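K.L.:
Could you look at this predicted model? Sequence included:
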Amino acid sequence: MRTPCDLLLTHAHVLTMDDRFTTHASGAVAITGSTIVAVGEVATQYEAADTIDCHGRVVMPGLVNAHTHAAMTLLRGLADDLRLDVWLLGYMMPVERAFVRPEFVALGTKLACAEMIRSGTTCFADMYYFEDAVAEAAAGAGMRALCGQTVLKFPAPDAVSFEDSLSLAREFIGRWKHHPLIVPAVAPHAPYTCTDEILRASARLAQEFDVPLHTHLAETAFEVEQSRREHGMPVIPWVKKQRLFDARVVAAHCVHVDEGEMRDLKSAGAGVVHNPTSNLKLGSGVAPVAKMLELGVAVGIGTDGPASNNDLDMFEETRLAALLAKGVGGDPTALPARDALAMATRTGARALHLGAVTGSLEPGKRADLIVVDIDRTHNIPRFERDPAGIYSQIVYAAKSSDVMDVMCDGRWLMRDRRLLTVDEDELRAASRDVARRIDAFLIEREQSVLQKLIAIGGASEQESFEVQVKARAGSADAVRRALERDDLTVIRAAHYHQFDTYFFFDDPNQGRLRYREDEFLDEQGKVLNARARLTLTGPSREAAFGSVLLFRSRFLAPAAHSPRFYREYFKPAREREVEKDRRRWLVAFRGVQFYVHLDHMVRPHAGEHFLEVKSRTWSRRDAQDKAAIILELLELLGARPDEAIEEGYVEL
Ligand SMILES: [Zn+2]
C-alpha cells in the first residue's frame with residue numbers, strides 16, 4: 001500500500017544538506033502541499049499525483065540569500081568603484097531620497113525576485129524602505145523572505161524621523177506576522193546610522209512581536225574605530241550594552257570582530273551573514289568566517305544589495321566565500337565546498353532564525369528546493385570515488401544558469417528555466433524607464449557643485465553677502481595699537497589656528513569650496529575646541545566699490561565628513577591648502593560692526609601677515625556705504641588695500 005503525495009521527484013542526486021550531510025545518489029523527494037514528507041530511497045513507498053524524473057540532476061535545498069536590499073536592483077551599476085561613504089552618502093542616499101517610493105520598491109524587488117529565482121535562491125533576507133512593497137512583491141513571486149523595515153536616525157524615504165520609522169516597523173510587523181512566506185522584522189540600519197535609543201527601541205520591538213532584528217554590524221575598520229572613540233569599546237560590546245542581543249539578531253558583515261566578540265555573537269544566538277563580494281568591492285575587508293564557524297556561530301552568505309555587488313547570484317557568492325577563506329587564511333583546507341554550501345543553505349536559514357522551516361531537505365520542512373543540471377560542458381566529467389565530490393561540482397563548477405527548476409513552499413517558481421510567477425519582459429521595460437529618470441537627475445546634479453553640496457545635506461542653503469577688503473599688514477603691533485583707539489570699540493576677540501583646503505573647479509562659475517578646520521586657542525595658545533565647516537563661495541565678486549569687493553557666500557554647512565570624502569565626492573580640478581594663525585576681532589566703528597582678521601601665515605607665505613576687514617551687508621546701497629567706512633578703518637589699521645590678495649591667498 002503506497003502513501004499518497006502530491007509530487008514525487010525521482011532518480012535525483014539528492015543533497016539533503018541536513019546535519020549529517022546525507023546524500024542519495026539516486027533518491028526521491030516526496031512533497032504534499034507546501035511540505036516535504038519524505039526524502040531518500042522512498043520512491044516505491046509513495047503514490048504521487050505528479051512524478052518528475054530528475055535523472056542526471058541534483059535536487060538540493062533552495063539557496064538562502066541571507067542579506068540583501070532587493071529593490072536596489074534598480075540602482076545596480078549606478079555608481080561604482082567609490083569609497084563606502086562617498087558611495088552611500090554621495091550617491092545611494094540622495095538618489096534614494098529622490099526616487100524611492102512604494103512603486104520603485106515593488107518594481108526593484110520583483111526584478112530581484114526574478115534574478116534570485118533564476119539563480120536558485122528561494123529565501124532571502126531584506127532590509128529596505130517601504131518594506132510592505134518588498135513583502136508583497138516577494139510573496140507575489142512566491143519567495144520566502146525575511147523583510148526588515150529600516151529604522152534610521154536620519155530622515156528616510158519613508159519616514160521623517162526615527163519615531164516614524166519605528167512606528168512604521170511596528171505596523172509592518174503587525175500586518176505580516178502570520179504570513180506563510182514572509183517573516184517581518186525590524187531593521188535598525190547600523191550602529192553608526194542609529195542612536196543607542198533606536199537600538200534599544202528596535203530590540204524591544206523585536207522582542208515584543210518575537211520577530212528577528214536585521215542589522216549591519218562591524219562592516220568597516222572605520223566603524224569599529226569610531227565606536228571605540230565614541231563609546232570606548234568596539235561595535236559588538238556596544239550593541240550588546242544597548243541590549244540589542246535580547247532580540248534574535250541577524251547581523252550582516254561582522255568583518256571586524258575579534259574572538260571575544262565572536263563568542264558574544266555565538267552566546268547571543270545571533271546569526272551572522274558573510275557578504276564576500278560587497279566587502280571586497282567596498283574594500284571593507286574579509287570576515288573571519290572560518291573562525292566564526294569553528295566557534296559555532298551560525299554564519300550564512302548574502303549578496304548584499306545589488307548596488308554593491310552587483311548581482312544576486314548565490315552560486316558566485318558561495319564559491320567566492322569558499323575561495324576567500326582559503327586565500328586569506330593561507331590554508332586550502334579552510335571552508336571546504338561542502339561547508340560553504342551548508343552556509344548557503346542550512347546554516348543561512350539558521351542565521352535567519354528560519355532553521356526549522358527551510359535550508360535542508362528533511363521531512364516536515366517546507367518544500368523549498370532546486371533542481372540543478374550537473375551534466376553541462378563546464379561540469380563534466382563526474383567522479384564517484386569521493387562522495388564529497390558532488391559538493392565540489394556544485395560550488396566550484398556549477399553556474400546559476402544550471403538551475404533548471406525552482407520550488408518554494410511546494411509551488412514551482414521556475415520550470416525548465418521558464419519563470420512562472422514574474423513577467424520579465426514587463427520588468428525590463430519598467431526598469432529601463434526608471435534608469436532613464438535617475439540618469440537625468442544625476443546628470444543635472446553633477447553639473448553643479450551647489451546641487452551636489454545640497455544633496456549630501458545636513459544644512460540648508462544659506463546665502464549671505466559681505467563687503468570685504470584685503471591688505472598686507474605692516475606689523476601685528478600696528479594693528480593692535482590701532483584697535484586701542486578711542487573711536488573704535490572691540491566687542492569680542494578670538495584667536496585660532498585655521499587649516500583650509502580650497503577646492504577649485506574647471507568651470508569658474510561653480511565657485512570654490514572651502515573646507516575649514518578651526519582650532520580655538522586660549523590665552524596660552526592651547527586648543528580649547530575645534531570645528532569644521534564647509535563654505536561654497538560665489539564664482540566671483542558681485543560688485544566692487546573701489547578696492548572694496550562685494551562677495552556672495554552661497555552655502556555654509558558644518559562639515560560632517562573628512563576632506564578626503566569631499567575630495568572624492570566633488571572631484572575638484574585643483575586644490576590648495578592654507579594654514580594660518582588668525583586673530584579675530586569684532587569691532588564697532590562709526591556705528592557699523594566689522595570683523596578684523598589678522599593672519600599670520602604658516603603656509604604658504606610663511607611669516608607674512610595679511611589683514612582682512614569685512615562686514616555683512618544686505619543691499620547694494622548698504623554695501624556702498626560700508627565700503628567707504630571700511631577703507632577708513634583699514635587706514636587706521638596702518639594698511640592699504642591690495643586687490644591681488646584673493647580668498648585662499650591664491651594669486652599672490
Ligand atoms: Zn547591506
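P.N.:
In hand now; what should we look at?
K.L.:
give me every residue that touches the nearest residue to residue 89 once chain neighbours are set aside.
P.N.:
Closest residue in space to residue 89, ignoring its immediate chain neighbours: residue 456 at 5.7 Å, by CB to CB, 6 or more residues apart in numbering. Placement of C-beta: from N, CA and C, glycine included. Taking CB atoms under 8 Å, 6 or more residues apart in numbering as the contact definition, residue 456 lies against 89-90, 94, 561, 569.
K.L.:
go with 10 Å
P.N.:
85-86, 89-91, 93-94, 534, 557, 560-561, 565-566, 569-570 (CB atoms under 10 Å, 6 or more residues apart in numbering).
K.L.:
again, but for residue 122
P.N.:
Applying CB under 10 Å, 6+ apart to residue 122 gives the contacts 61-65, 116, 142-145, 181, 345, 358-359, 366-370, 406-409, 413.
K.L.:
mind redoing it with 8 Å?
P.N.:
Residue 122 touches 61-64, 143-144, 358, 368-370, 406-408, 413, counting by CB under 8 Å, 6+ apart.
K.L.:
Now name the helix or strand holding it.
P.N.:
Following DSSP states H and E, one finds residue 122 within strand 121-128.
K.L.:
Okay, strands next: where are they in the stretch 351-500 of the chain?
P.N.:
Here the stretch 351-500 of the chain has its strands, by DSSP state E, counting those that start in this stretch, at 369-373, 403-408, 411-415, 418-419, 464-472, 488-504.
K.L.:
and residue 14, backbone torsions?
P.N.:
With angles defined as degrees, to the nearest 10, residue 14 sits at phi -90, psi 120.
K.L.:
If we ignore the residues flanking it in sequence, what's nearest it?
P.N.:
residue 27 (3.8 Å).
K.L.:
got it, and residue 77?
P.N.:
The nearest residue in space to residue 77 (CB to CB, 6+ apart) is residue 310, at 5.6 Å.
K.L.:
Hmm, that neighbour is touching residue 76, no?
P.N.:
Yes - in terms of CB atoms under 8 Å, residue 310 counts as a neighbour of residue 76; the distance is 4.9 Å.
K.L.:
how far away is residue 231 from residue 318?
P.N.:
35 Å (CB to CB, to the nearest Å).
K.L.:
Compare these two (neighbour count), which wins?
P.N.:
residue 318 (27 against 16; other CB atoms under 10 Å).
K.L.:
By mean pLDDT, flag the weakest helix or strand of the protein.
P.N.:
strand 548-558 (a mean of 73; mean pLDDT, DSSP states H and E).
K.L.:
and the gap between the residue nearest to residue 89 and residue 85?
P.N.:
In this view, residue 456 and residue 85 are 10 Å apart by CB to CB.
K.L.:
Residues in contact with both of the two, list them for me.
P.N.:
Taking CB under 8 Å, 6+ apart as the criterion, residue 456 and residue 85 both touch residue 561.
K.L.:
what are the ranges of the helices in the stretch 201-350 of the chain?
P.N.:
Taking DSSP state H, counting those that start in this stretch as the test, the helices found in the stretch 201-350 of the chain are 221-231, 235-241, 259-267, 276-281, 289-294, 314-329, 337-344, 346-351.
K.L.:
Tell me which of the ones you listed sits nearest to residue 112.
P.N.:
Residue 112 sits nearest to helix 314-329 of all the helices of the stretch 201-350 of the chain, at 12.3 Å, using CB to CB.
K.L.:
Give me the distance from that closest one to the chain's centre.
P.N.:
In terms of CA atoms, centre = their mean, to the nearest Å, the centre of helix 314-329 is found 22 Å from the chain centre.
K.L.:
Stretch 328-342 now?
P.N.:
Its chain's C-alpha centre and that of stretch 328-342 lie 28 Å apart, by CA atoms, centre = their mean.
K.L.:
ok, now stretch 96-106?
P.N.:
In terms of CA atoms, centre = their mean, the centre of stretch 96-106 is set 16 Å apart from its chain centre.
K.L.:
Give me the buried positions along it.
P.N.:
Residues of stretch 96-106 classed as buried: 96, 99-100, 102, 104-106 (neighbour count, 16 or more other CB atoms under 10 Å).
K.L.:
for stretch 419-434, same thing?
P.N.:
419, 421-422, 427, 430-431, 434.
K.L.:
ok, now stretch 307-327?
P.N.:
Of the residues in stretch 307-327, 307-325 count as buried by neighbour count, 16+ other CB under 10 Å.
K.L.:
if we can go back for a sec, could I get the CA-only coordinates of the least confident helix or strand of the chain as PDB?
P.N.:
In PDB, the C-alpha atoms belonging to strand 548-558 read as follows (Å, rounded to 0.1, in the frame of the first residue of the first chain):
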ATOM      1  CA  VAL A 548      36.300  97.000  -1.600                       C
ATOM      2  CA  LEU A 549      34.600  94.000  -3.000                       C
ATOM      3  CA  LEU A 550      31.100  92.600  -2.600                       C
ATOM      4  CA  PHE A 551      31.000  88.800  -2.300                       C
ATOM      5  CA  ARG A 552      28.300  86.300  -2.100                       C
ATOM      6  CA  SER A 553      28.800  83.300   0.100                       C
ATOM      7  CA  ARG A 554      26.300  80.800  -1.100                       C
ATOM      8  CA  PHE A 555      26.300  77.900   1.300                       C
ATOM      9  CA  LEU A 556      27.700  77.300   4.700                       C
ATOM     10  CA  ALA A 557      27.400  74.000   6.500                       C
ATOM     11  CA  PRO A 558      29.000  72.100   9.300                       C
END
